[in-house]
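Engineer: What follows is a predicted protein model with its sequence.
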Amino acid sequence: MAINEPLNRKLRMALVGGGQGAFIGRVHATAAIMDNRAVLVAGALSSDPARAKASAPDYDIKQDRAYGSYKELVAAEAKLPAGERVDFISIATPNHTHFEIARAAAEAGFNIMCDKPMTFDLAQAEELAKIVQKTGVVFGLTHNYTGYPLVRQARDMIKAGELGEINAVRAVYVQGWLRTRLEKEQQKQASWRTDPSRTGAAGCFGDIGTHAYNLGRFISGLLPDQISCNLKTFEAGRQVDDYGTAVIRFQNGALATVTASQISHGRENELWIEVDGTKAGLEWHQEEPNKMLVRVNGQPHRLYTRDPHAPYMTSTASASCRLPSGHPEAFLEAFANVYTAAYADMVARAGGKKVDSGKSLYPNVADGVDGMNFITQSVASSKQGGAWVPLKHPLCRS
(Lines give C-alpha, C1' and ligand atoms only; values in the text may rest on other atoms or scores of the structure.)
Protein backbone atom coordinates (compact mmCIF):
# COMPACT_ATOMS: atom_id res chain seq x y z
CA MET A 1 0.00 0.00 0.00
CA ALA A 2 1.52 3.31 -1.06
CA ILE A 3 1.63 5.82 1.77
CA ASN A 4 2.71 9.42 1.45
CA GLU A 5 -0.08 11.56 2.86
CA PRO A 6 0.43 14.42 5.32
CA LEU A 7 -2.45 13.90 7.72
CA ASN A 8 -4.66 16.81 8.70
CA ARG A 9 -7.65 14.58 9.36
CA LYS A 10 -8.81 11.89 11.75
CA LEU A 11 -7.38 8.42 11.37
CA ARG A 12 -9.90 5.93 10.00
CA MET A 13 -10.41 2.81 12.14
CA ALA A 14 -11.77 -0.66 11.48
CA LEU A 15 -12.71 -2.98 14.35
CA VAL A 16 -12.51 -6.77 14.23
CA GLY A 17 -14.53 -8.32 17.06
CA GLY A 18 -16.68 -6.44 19.52
CA GLY A 19 -20.05 -7.71 18.38
CA GLN A 20 -23.12 -8.18 20.52
CA GLY A 21 -22.24 -9.68 23.91
CA ALA A 22 -18.55 -8.75 23.70
CA PHE A 23 -16.66 -6.65 26.25
CA ILE A 24 -13.26 -5.53 25.07
CA GLY A 25 -14.33 -4.47 21.58
CA ARG A 26 -16.47 -1.68 22.97
CA VAL A 27 -13.51 -0.58 25.11
CA HIS A 28 -11.28 -0.39 22.02
CA ALA A 29 -13.89 1.60 20.10
CA THR A 30 -14.40 4.06 22.96
CA ALA A 31 -10.72 4.55 23.74
CA ALA A 32 -9.68 4.94 20.10
CA ILE A 33 -11.92 7.96 19.51
CA MET A 34 -11.65 9.56 22.95
CA ASP A 35 -9.20 12.28 21.89
CA ASN A 36 -10.94 13.01 18.59
CA ARG A 37 -7.96 11.65 16.68
CA ALA A 38 -9.80 8.76 15.00
CA VAL A 39 -13.20 7.72 13.72
CA LEU A 40 -14.61 4.18 13.49
CA VAL A 41 -15.81 3.62 9.93
CA ALA A 42 -15.66 -0.13 9.28
CA GLY A 43 -15.81 -3.43 11.06
CA ALA A 44 -16.07 -7.21 11.02
CA LEU A 45 -17.67 -7.42 14.43
CA SER A 46 -18.20 -11.16 14.82
CA SER A 47 -17.02 -14.49 13.43
CA ASP A 48 -20.68 -15.08 12.54
CA PRO A 49 -21.40 -12.99 9.40
CA ALA A 50 -25.03 -12.35 10.29
CA ARG A 51 -24.17 -11.21 13.81
CA ALA A 52 -21.31 -9.12 12.45
CA LYS A 53 -23.65 -7.13 10.21
CA ALA A 54 -26.37 -6.95 12.88
CA SER A 55 -23.90 -5.43 15.33
CA ALA A 56 -22.85 -2.61 12.98
CA PRO A 57 -25.59 -0.13 14.05
CA ASP A 58 -24.31 -0.39 17.65
CA TYR A 59 -21.16 1.38 16.41
CA ASP A 60 -22.77 3.61 13.77
CA ILE A 61 -20.96 1.64 11.07
CA LYS A 62 -22.70 1.94 7.72
CA GLN A 63 -23.89 -1.30 6.19
CA ASP A 64 -21.64 -1.02 3.13
CA ARG A 65 -18.62 -1.21 5.46
CA ALA A 66 -20.04 -3.80 7.86
CA TYR A 67 -18.19 -6.90 6.74
CA GLY A 68 -18.97 -10.53 7.41
CA SER A 69 -15.37 -11.54 8.11
CA TYR A 70 -11.94 -10.01 8.63
CA LYS A 71 -10.84 -11.42 5.26
CA GLU A 72 -13.67 -9.57 3.56
CA LEU A 73 -12.79 -6.40 5.47
CA VAL A 74 -9.10 -6.47 4.56
CA ALA A 75 -9.75 -7.26 0.90
CA ALA A 76 -12.46 -4.65 0.43
CA GLU A 77 -10.69 -1.86 2.31
CA ALA A 78 -7.43 -2.46 0.42
CA LYS A 79 -9.30 -1.85 -2.85
CA LEU A 80 -10.64 1.52 -1.76
CA PRO A 81 -8.86 4.76 -2.77
CA ALA A 82 -6.19 5.91 -0.33
CA GLY A 83 -8.41 8.77 0.77
CA GLU A 84 -11.19 6.42 1.86
CA ARG A 85 -9.67 3.20 3.16
CA VAL A 86 -9.01 2.65 6.86
CA ASP A 87 -5.65 3.57 8.38
CA PHE A 88 -5.60 0.90 11.07
CA ILE A 89 -7.38 -2.24 12.18
CA SER A 90 -8.08 -2.98 15.84
CA ILE A 91 -8.20 -6.64 16.83
CA ALA A 92 -10.51 -7.43 19.75
CA THR A 93 -11.07 -11.16 19.34
CA PRO A 94 -10.08 -14.32 21.26
CA ASN A 95 -6.37 -15.12 21.38
CA HIS A 96 -6.30 -17.92 18.82
CA THR A 97 -7.46 -15.59 16.02
CA HIS A 98 -5.04 -12.69 16.59
CA PHE A 99 -2.20 -13.95 14.40
CA GLU A 100 -4.15 -14.65 11.25
CA ILE A 101 -5.99 -11.31 11.44
CA ALA A 102 -2.82 -9.33 12.19
CA ARG A 103 -0.91 -11.08 9.42
CA ALA A 104 -3.61 -10.30 6.86
CA ALA A 105 -3.79 -6.67 7.97
CA ALA A 106 -0.03 -6.15 7.94
CA GLU A 107 0.49 -7.79 4.58
CA ALA A 108 -2.18 -5.49 3.15
CA GLY A 109 -0.35 -2.50 4.62
CA PHE A 110 -2.74 -1.61 7.42
CA ASN A 111 -1.50 -0.47 10.83
CA ILE A 112 -2.65 -2.63 13.74
CA MET A 113 -3.83 -2.25 17.31
CA CYS A 114 -4.12 -5.67 18.92
CA ASP A 115 -5.48 -6.90 22.22
CA LYS A 116 -3.21 -9.00 24.43
CA PRO A 117 -1.78 -11.58 24.58
CA MET A 118 -0.56 -10.94 21.06
CA THR A 119 -0.89 -14.44 19.61
CA PHE A 120 -1.81 -18.02 20.47
CA ASP A 121 1.78 -19.17 20.95
CA LEU A 122 5.38 -17.96 20.82
CA ALA A 123 6.06 -19.23 17.30
CA GLN A 124 3.21 -17.11 15.96
CA ALA A 125 4.49 -14.10 17.90
CA GLU A 126 7.98 -14.41 16.46
CA GLU A 127 6.58 -14.81 12.95
CA LEU A 128 4.35 -11.78 13.38
CA ALA A 129 7.31 -9.69 14.53
CA LYS A 130 9.09 -10.55 11.27
CA ILE A 131 6.02 -9.60 9.25
CA VAL A 132 5.64 -6.27 11.04
CA GLN A 133 9.33 -5.47 10.47
CA LYS A 134 9.10 -6.43 6.79
CA THR A 135 5.93 -4.47 6.06
CA GLY A 136 6.81 -1.44 8.17
CA VAL A 137 3.32 -1.11 9.62
CA VAL A 138 2.74 0.38 13.06
CA PHE A 139 1.80 -2.30 15.58
CA GLY A 140 0.42 -1.41 19.01
CA LEU A 141 -0.46 -3.88 21.74
CA THR A 142 -3.07 -2.78 24.25
CA HIS A 143 -1.37 -3.52 27.55
CA ASN A 144 -3.53 -0.65 28.74
CA TYR A 145 -2.15 -0.39 32.28
CA THR A 146 0.97 1.19 30.80
CA GLY A 147 -1.23 4.16 29.91
CA TYR A 148 -2.03 5.28 33.46
CA PRO A 149 -0.37 8.63 34.24
CA LEU A 150 1.15 7.47 37.54
CA VAL A 151 2.47 4.27 35.96
CA ARG A 152 4.31 6.44 33.47
CA GLN A 153 5.38 8.67 36.35
CA ALA A 154 6.88 5.65 38.13
CA ARG A 155 8.71 4.61 34.99
CA ASP A 156 10.19 8.08 34.50
CA MET A 157 11.29 8.27 38.14
CA ILE A 158 13.09 4.94 37.89
CA LYS A 159 14.74 5.96 34.61
CA ALA A 160 15.95 9.15 36.30
CA GLY A 161 17.53 7.14 39.12
CA GLU A 162 15.23 8.41 41.88
CA LEU A 163 14.81 4.90 43.28
CA GLY A 164 18.46 3.98 42.85
CA GLU A 165 19.34 0.48 41.67
CA ILE A 166 16.23 -1.69 41.42
CA ASN A 167 16.44 -4.77 43.64
CA ALA A 168 12.92 -6.22 43.64
CA VAL A 169 9.54 -6.04 41.90
CA ARG A 170 6.29 -7.53 43.21
CA ALA A 171 3.38 -7.59 40.74
CA VAL A 172 0.03 -9.09 41.70
CA TYR A 173 -3.19 -9.44 39.69
CA VAL A 174 -6.07 -11.17 41.49
CA GLN A 175 -9.70 -11.65 40.51
CA GLY A 176 -12.46 -13.90 41.80
CA TRP A 177 -14.89 -14.23 38.91
CA LEU A 178 -13.80 -17.78 37.95
CA ARG A 179 -14.17 -19.22 41.46
CA THR A 180 -16.95 -21.38 40.00
CA ARG A 181 -17.11 -23.12 36.63
CA LEU A 182 -18.82 -20.32 34.69
CA GLU A 183 -17.67 -21.96 31.48
CA LYS A 184 -20.13 -24.80 32.15
CA GLU A 185 -22.92 -22.22 31.97
CA GLN A 186 -21.70 -21.08 28.53
CA GLN A 187 -20.81 -17.65 29.89
CA LYS A 188 -19.12 -16.09 26.85
CA GLN A 189 -16.05 -14.56 28.48
CA ALA A 190 -15.39 -17.62 30.62
CA SER A 191 -15.95 -20.08 27.78
CA TRP A 192 -13.11 -18.98 25.54
CA ARG A 193 -10.75 -17.98 28.35
CA THR A 194 -10.84 -21.50 29.82
CA ASP A 195 -10.66 -23.33 26.49
CA PRO A 196 -7.02 -24.17 25.67
CA SER A 197 -7.84 -24.39 21.96
CA ARG A 198 -8.76 -20.70 22.03
CA THR A 199 -6.84 -19.14 24.91
CA GLY A 200 -3.53 -20.96 24.52
CA ALA A 201 -1.28 -22.91 26.86
CA ALA A 202 -2.08 -20.79 29.94
CA GLY A 203 -5.39 -19.65 31.37
CA CYS A 204 -5.18 -17.19 34.23
CA PHE A 205 -1.45 -16.59 33.68
CA GLY A 206 -2.00 -15.86 30.00
CA ASP A 207 -5.04 -13.66 30.59
CA ILE A 208 -3.94 -11.49 33.52
CA GLY A 209 -0.52 -12.77 34.58
CA THR A 210 0.83 -11.23 31.38
CA HIS A 211 -0.48 -7.84 32.51
CA ALA A 212 1.33 -8.10 35.85
CA TYR A 213 4.55 -9.18 34.13
CA ASN A 214 4.31 -6.45 31.51
CA LEU A 215 3.65 -3.80 34.16
CA GLY A 216 6.81 -4.81 36.02
CA ARG A 217 8.86 -4.76 32.84
CA PHE A 218 7.43 -1.41 31.73
CA ILE A 219 7.97 0.39 35.03
CA SER A 220 11.34 -1.09 35.97
CA GLY A 221 12.97 -1.28 32.54
CA LEU A 222 14.78 -4.43 33.71
CA LEU A 223 15.58 -7.23 31.29
CA PRO A 224 14.54 -10.79 32.25
CA ASP A 225 16.99 -13.65 32.66
CA GLN A 226 15.28 -16.72 34.17
CA ILE A 227 11.90 -17.78 35.56
CA SER A 228 10.63 -20.37 38.02
CA CYS A 229 6.86 -20.84 37.95
CA ASN A 230 4.13 -22.94 39.51
CA LEU A 231 0.68 -22.98 37.92
CA LYS A 232 -2.35 -24.65 39.46
CA THR A 233 -5.93 -25.48 38.49
CA PHE A 234 -8.06 -25.38 41.63
CA GLU A 235 -11.50 -25.76 40.04
CA ALA A 236 -11.78 -29.47 39.25
CA GLY A 237 -12.35 -30.18 35.57
CA ARG A 238 -11.06 -26.84 34.31
CA GLN A 239 -8.56 -27.34 31.50
CA VAL A 240 -6.25 -24.40 32.18
CA ASP A 241 -4.64 -22.80 35.22
CA ASP A 242 -6.71 -20.49 37.41
CA TYR A 243 -3.88 -19.58 39.81
CA GLY A 244 -0.13 -19.17 39.51
CA THR A 245 2.98 -17.60 40.94
CA ALA A 246 6.40 -17.03 39.42
CA VAL A 247 9.82 -15.81 40.51
CA ILE A 248 11.88 -13.94 37.93
CA ARG A 249 15.59 -13.23 37.96
CA PHE A 250 16.51 -10.11 36.05
CA GLN A 251 19.80 -9.63 34.27
CA ASN A 252 20.96 -7.00 36.81
CA GLY A 253 20.46 -9.49 39.67
CA ALA A 254 17.10 -8.15 40.83
CA LEU A 255 14.24 -10.48 41.71
CA ALA A 256 10.55 -10.21 40.84
CA THR A 257 7.44 -12.12 41.77
CA VAL A 258 4.32 -12.36 39.64
CA THR A 259 1.12 -13.73 41.19
CA ALA A 260 -2.15 -14.12 39.30
CA SER A 261 -5.46 -15.55 40.47
CA GLN A 262 -8.99 -15.75 39.13
CA ILE A 263 -10.38 -17.76 42.06
CA SER A 264 -9.86 -15.33 44.98
CA HIS A 265 -13.15 -14.55 46.72
CA GLY A 266 -14.24 -10.93 46.63
CA ARG A 267 -11.41 -9.74 44.39
CA GLU A 268 -12.61 -7.77 41.42
CA ASN A 269 -9.73 -6.42 39.35
CA GLU A 270 -6.93 -5.99 41.84
CA LEU A 271 -3.71 -5.31 40.01
CA TRP A 272 -0.93 -3.75 42.05
CA ILE A 273 2.82 -3.39 41.94
CA GLU A 274 5.65 -2.55 44.33
CA VAL A 275 9.22 -1.71 43.34
CA ASP A 276 12.14 -1.67 45.78
CA GLY A 277 15.24 0.37 44.95
CA THR A 278 18.36 1.18 46.93
CA LYS A 279 17.19 4.79 47.42
CA ALA A 280 13.40 4.44 47.63
CA GLY A 281 10.42 2.19 46.96
CA LEU A 282 7.06 2.79 45.32
CA GLU A 283 3.60 1.20 45.29
CA TRP A 284 0.67 1.62 42.87
CA HIS A 285 -2.79 0.00 42.79
CA GLN A 286 -4.95 -0.16 39.66
CA GLU A 287 -8.18 0.07 41.65
CA GLU A 288 -6.97 3.41 43.07
CA PRO A 289 -4.98 4.54 40.03
CA ASN A 290 -4.74 8.23 40.84
CA LYS A 291 -2.50 7.66 43.87
CA MET A 292 1.05 6.33 44.22
CA LEU A 293 3.09 5.88 47.40
CA VAL A 294 6.83 6.55 47.52
CA ARG A 295 8.71 5.48 50.66
CA VAL A 296 12.20 6.26 51.98
CA ASN A 297 13.42 4.92 55.30
CA GLY A 298 13.35 7.55 58.03
CA GLN A 299 11.14 9.93 56.03
CA PRO A 300 7.37 10.43 55.93
CA HIS A 301 5.70 8.46 53.15
CA ARG A 302 5.06 10.61 50.08
CA LEU A 303 1.69 10.40 48.35
CA TYR A 304 1.79 11.27 44.66
CA THR A 305 -1.59 12.10 43.15
CA ARG A 306 -2.47 12.43 39.50
CA ASP A 307 -2.11 16.17 39.02
CA PRO A 308 -1.07 17.40 35.56
CA HIS A 309 -0.09 20.81 37.00
CA ALA A 310 2.03 19.57 39.91
CA PRO A 311 5.77 20.30 39.63
CA TYR A 312 6.64 16.73 40.65
CA MET A 313 4.88 15.22 37.62
CA THR A 314 7.09 14.32 34.66
CA SER A 315 6.20 15.70 31.24
CA THR A 316 5.09 12.27 29.99
CA ALA A 317 2.86 11.69 33.01
CA SER A 318 1.35 15.18 32.78
CA ALA A 319 0.64 14.77 29.08
CA SER A 320 -1.18 11.51 29.89
CA CYS A 321 -3.78 13.37 31.98
CA ARG A 322 -7.00 14.84 30.61
CA LEU A 323 -8.59 16.28 33.76
CA PRO A 324 -7.44 18.45 36.67
CA SER A 325 -6.49 16.72 39.90
CA GLY A 326 -9.28 15.25 41.99
CA HIS A 327 -11.36 14.22 38.98
CA PRO A 328 -10.98 10.45 38.59
CA GLU A 329 -9.30 9.16 35.47
CA ALA A 330 -8.98 5.45 34.99
CA PHE A 331 -9.36 2.46 32.68
CA LEU A 332 -10.74 3.99 29.48
CA GLU A 333 -8.41 6.98 29.63
CA ALA A 334 -5.38 4.73 30.11
CA PHE A 335 -6.51 2.61 27.18
CA ALA A 336 -6.85 5.79 25.11
CA ASN A 337 -3.32 6.84 26.04
CA VAL A 338 -1.96 3.67 24.42
CA TYR A 339 -3.91 4.45 21.25
CA THR A 340 -2.86 8.09 21.21
CA ALA A 341 0.82 7.20 21.54
CA ALA A 342 0.55 4.85 18.56
CA TYR A 343 -1.24 7.47 16.47
CA ALA A 344 1.90 9.62 16.33
CA ASP A 345 3.74 6.81 14.55
CA MET A 346 0.77 6.16 12.25
CA VAL A 347 0.77 9.81 11.21
CA ALA A 348 4.52 9.71 10.62
CA ARG A 349 4.19 6.59 8.48
CA ALA A 350 1.35 8.15 6.47
CA GLY A 351 3.72 11.02 5.73
CA GLY A 352 6.26 8.65 4.25
CA LYS A 353 8.56 8.42 7.25
CA LYS A 354 10.05 5.13 8.35
CA VAL A 355 8.86 4.34 11.84
CA ASP A 356 11.12 2.73 14.43
CA SER A 357 8.90 1.62 17.29
CA GLY A 358 11.78 0.13 19.28
CA LYS A 359 11.62 3.03 21.75
CA SER A 360 7.88 3.59 21.59
CA LEU A 361 5.93 4.59 24.67
CA TYR A 362 3.10 2.29 23.59
CA PRO A 363 3.62 -1.49 23.87
CA ASN A 364 4.63 -2.83 20.47
CA VAL A 365 5.26 -6.11 18.70
CA ALA A 366 8.45 -6.75 20.69
CA ASP A 367 6.45 -6.48 23.91
CA GLY A 368 4.00 -8.95 22.43
CA VAL A 369 6.80 -11.45 21.83
CA ASP A 370 8.08 -10.81 25.36
CA GLY A 371 4.63 -11.60 26.76
CA MET A 372 4.27 -14.79 24.77
CA ASN A 373 7.76 -15.86 25.82
CA PHE A 374 6.72 -15.25 29.44
CA ILE A 375 3.64 -17.48 29.01
CA THR A 376 5.60 -20.20 27.21
CA GLN A 377 8.38 -20.36 29.77
CA SER A 378 5.99 -20.12 32.71
CA VAL A 379 4.17 -23.21 31.47
CA ALA A 380 7.47 -24.98 30.71
CA SER A 381 8.80 -24.27 34.21
CA SER A 382 5.59 -25.36 35.89
CA LYS A 383 5.60 -28.67 34.01
CA GLN A 384 9.08 -29.25 35.44
CA GLY A 385 7.96 -28.60 39.00
CA GLY A 386 9.06 -24.97 39.07
CA ALA A 387 12.50 -25.53 37.54
CA TRP A 388 14.47 -22.46 36.48
CA VAL A 389 14.20 -21.94 32.72
CA PRO A 390 15.53 -19.13 30.50
CA LEU A 391 13.42 -16.01 30.05
CA LYS A 392 15.79 -14.08 27.80
CA HIS A 393 14.59 -13.32 24.30
CA PRO A 394 16.42 -11.35 21.61
CA LEU A 395 13.42 -9.05 21.10
CA CYS A 396 13.06 -8.07 24.77
CA ARG A 397 13.48 -4.32 25.20
CA SER A 398 14.26 -2.31 28.31
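Structural biologist: That came through fine.

Engineer: who does Y243 bridge with?
Structural biologist: Y243 forms beta bridges with K232, S261, as assigned by DSSP bridges.

Engineer: Contacts only, for the spatially most central residue of the chain.
Structural biologist: Most central in the chain under C-alpha atoms, centre = their mean is H143, positioned 1.7 Å from the mean C-alpha point. In this structure, H143 makes contact with K116, T210, H211, N214, L215, F218, V338, P363, D367, G371, judged by C-beta atoms under 8 Å, 6 or more residues apart in numbering. Where you see a C-beta, it was placed from the backbone N, CA and C, and this is true even at glycine.

Engineer: swap in E72?
Structural biologist: By C-beta under 8 Å, 6+ apart, the neighbours of E72 are A44.

Engineer: Report the secondary structure element holding it.
Structural biologist: Using DSSP states H and E, the element containing E72 is helix 70-79.

Engineer: Now do the buried residues in that helix.
Structural biologist: Y70, L73, V74, E77, A78 (16 or more other C-beta atoms under 10 Å).

Engineer: my guess is the second one contacts G17, does it?
Structural biologist: No: counting by C-beta atoms under 8 Å, L73 does not reach G17; the two are 11.3 Å apart.

Engineer: distance between the ends of stretch 230-245?
Structural biologist: This stretch, stretch 230-245, spans 6 Å end to end (C-alpha to C-alpha, to the nearest Å).

Engineer: related to what we said a few turns ago, could you identify the least confident member of the contacts of H143?
Structural biologist: Across the set of these, K116 stands lowest in pLDDT, at 95.

Engineer: Can you name the residues that contact that residue?
Structural biologist: L141, T142, H143, T210, H211, N214, P363, G368, G371.

Engineer: Break this structure into its domains for me.
Structural biologist: 11-145+339-362, 147-328+370-390 (automatic domain parsing).

Engineer: about what we covered before: for the contacts of H143, which one is nearest G281?
Structural biologist: Using C-beta to C-beta, L215 comes nearest to G281 of those, at 15.7 Å.

Engineer: the strands in the stretch 251-398 of the chain, which residues?
Structural biologist: With DSSP state E, counting those that start in this stretch as the criterion, the stretch 251-398 of the chain has strands at 255-261, 270-277, 281-285, 291-295, 302-305, 389-390.

Engineer: In a markdown table: the buried residues of helix 70-79, plus distance to K359.
Structural biologist: Output for those, formatted as a markdown table (distance: C-beta to C-beta, whole Å):
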| residue | distance to K359 |
| --- | --- |
| Y70 | 30 |
| L73 | 31 |
| V74 | 29 |
| E77 | 30 |
| A78 | 30 |
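
Engineer: From the residues you listed, pick the one nearest G352.
Structural biologist: The nearest one, if we look at the buried residues of helix 70-79 relative to G352 and count by C-beta to C-beta, is A78, at 19.0 Å.
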